[in-house]
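[1] all I have is the shape, not the residue letters:
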């Protein structure tokens, strides 16, 4: 059963990511740490899938994740090859991004958001192994990514981006496990608030004393990001209501059914709109520049959703639709055909009466 509250969180996270990339407003990363929320929601869904399907959950998650990337690659890879990208075997990472797929100059900027799919892929692959360990010793396993991130931050070793991101967002994924297993809902409100308050205070202290090149943008402050985001996720998932069958609005349905399409295409659109604006001497900064760019970005992302969003339906074994949530048209029924079991019973009753 769908949980409208969780759908709302995913929709807000998706919108927040688009607005942040279009505006660069660092405050948005603090007000709503969207990436950690998205990983936490994905972790909860992954745990549910493993409980239902076992190891087959990995295949099902990958089947829902990869086709949308492949559609983007069909456009991006030939374009980059024509503009100087060297062809080698690493191009295959566009099919299965265990590492960052190769990109040339413009592609490095326009396609930079694919790191999320790389991390998502690794979390999905590791979940069948990690989930049983988490259920056996949840506190110890949950502490591992935060301890690893603290060691990386304090000692400063050069680590692979995959390991760094596993430490940064692994805690959020595990909190998703905890949400699915009901661990967060079983916490007393006092314990939940105390834990979230402690993490938020520790995160805020680190953020204030270790600002990044863009000030208090959490993307530049990994340890502060992880701690602050953990507090946020604890609150929003710890207070989440149980699943409900409440009717969702059309916008909420579209944002959830097309979240991956929006995520993959919004950065290329933002980069293209900004470059075109600069080439034609249009303002791209300040309220005027942000306003017109955001308007155009929303319109073009909506167009991308209409053109290729249906791939998410196919990947999820749903009937493909241009606009999700629109009820399918039902075939007209002849008035002469009984429509209900009650009508059929009436016909049988009349027939029996005539026979007697």
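    That came through, no problem. Just so it is clear, the model here is predicted, and its values are computed rather than measured.
[2] mind listing what's buried along whatever helix or strand residue 133 lives in?
    In this structure, residue 133 sits in helix 115-136 according to DSSP states H and E. Across helix 115-136, burial judged by 16 or more other CB atoms under 10 Å covers 115-124, 127-128, 130-131, 134. In this view, the C-beta of every residue, glycine as well, is placed from N, C-alpha and C.
[3] closest one of those to residue 152?
    residue 119 (15.5 Å; CB to CB).
[4] who's in contact with the closest one?
    Contacts for residue 119 (CB atoms under 8 Å, 6 or more residues apart in numbering) come out as 39, 162, 165-166, 169.
[5] rerun that using 10 Å as the cut-off
    35, 39, 42, 97, 161-162, 164-166, 168-170, 173 (CB atoms under 10 Å, 6 or more residues apart in numbering).
[6] next, the buried residues of the longest helix along the chain.
    Criterion DSSP state H: the longest helix present in the chain is helix 56-82. For helix 56-82, burial by neighbour count (16+ other CB under 10 Å) applies to 57-58, 60-62, 64-69, 71-73, 76-77, 80.
[7] please name every helix or strand in contact with the helix or strand that it is followed by.
    Once the chain leaves helix 56-82, the next helix or strand it forms, by DSSP H and E, is helix 105-110. Helices and strands touching helix 105-110, as assessed by 3 or more CB pairs under 10 Å, 6 or more residues apart in numbering; DSSP states H and E, comprise helix 56-82, helix 259-279.
[8] list the buried ones in helix 105-110?
    106-107, 110.
[9] so what does the longest helix of the chain touch, helix or strand wise?
    Right, helix 56-82 is packed against helix 34-53, helix 105-110, helix 115-136, helix 259-279, helix 286-308, helix 310-315 by 3+ CB pairs under 10 Å, 6+ apart.
[10] closest one to residue 237 among those helices?
    helix 34-53 (6.2 Å).
[11] just to revisit the earlier point, quick check, nearest of the contacts of residue 119 to residue 218?
    Among the contacts of residue 119, and counting by CB to CB, the member closest to residue 218 is residue 35, at 9.1 Å.
[12] the closest one and residue 28 touch, don't they?
    No - using CB atoms under 10 Å, residue 35 is not in contact with residue 28, being 11.4 Å away.
[13] mutual contacts of those two, please.
    With CB under 10 Å, 6+ apart as the test, residue 35 and residue 28 both reach 16-17, 20, 218.
[14] need those residues in JSON lines (columns: distance to residue 184 and secondary structure).
    Converted to JSON lines, the shared contacts of residue 35 and residue 28 look like this (distance: CB to CB, whole Å; DSSP: H, G, I helix; E, B strand; the rest coil):
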{"residue": "16", "distance to residue 184": "22", "secondary structure": "helix"}
{"residue": "17", "distance to residue 184": "24", "secondary structure": "helix"}
{"residue": "20", "distance to residue 184": "26", "secondary structure": "helix"}
{"residue": "218", "distance to residue 184": "22", "secondary structure": "helix"}
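[15] of those residues, closest to residue 49?
    residue 17 (23.4 Å).
[16] can you give me the distance of that closest one to residue 310?
    Residue 17 sits 22 Å away from residue 310, going by CB to CB, to the nearest Å.
[17] cool, and residue 96?
    22 Å.
[18] these two: which has the busier surroundings?
    Taking other CB atoms under 10 Å, residue 96 and residue 310 do not tie; residue 310 has more neighbours (21 against 14).
[19] just give the nearest non-adjacent residue to the more buried one, would you?
    Using CB to CB, 6 or more residues apart in numbering and skipping residues adjacent in sequence, the residue nearest residue 310 is residue 320, 3.9 Å away.
[20] list the contacts of the residue sitting nearest the centre point of the chain.
    When the chain is reduced to its mean C-alpha position, the nearest residue by CA atoms, centre = their mean turns out to be residue 38, at 4.4 Å. For residue 38, the contact set (CB under 10 Å, 6+ apart) comprises 9-10, 13-14, 16-17, 116, 120, 169, 172, 176, 259, 263.
[21] just for the stretch 251-356 of the chain, where's the confidence low?
    326-356 (pLDDT under 70).
[22] just checking, residue 319 touches residue 313?
    Yes - between residue 319 and residue 313 there is a contact at 6.5 Å, judged by CB under 10 Å.
[23] and the two? which has more neighbours close in?
    Neighbour count, other CB under 10 Å: between residue 319 and residue 313, residue 313 has more, with 16 against 8.
[24] so who does that one touch?
    257-258, 319-322, 324.
[25] I'd like to know how far residue 43 sits from residue 179.
    For residue 43 relative to residue 179 (CB to CB), the value is 8 Å.
[26] so what sits against both of these two?
    233, 237.
[27] of the two, which one has the most company?
    residue 43 (30 against 25).
[28] excluding its backbone neighbours, what's nearest that one?
    residue 176 (2.4 Å).
[29] kindly report the same for residue 33.
    Nearest non-adjacent residue to residue 33 (CB to CB, 6+ apart): residue 229, at 4.0 Å.
[30] if I pick the one you found, what's in contact with it?
    29-30, 32-37, 39-40, 168-169, 171-172, 175, 199-200, 203, 218.
[31] drop anything exposed from those.
    29-30, 32-37, 39-40, 168-169, 171-172, 175, 199-200, 203, 218.
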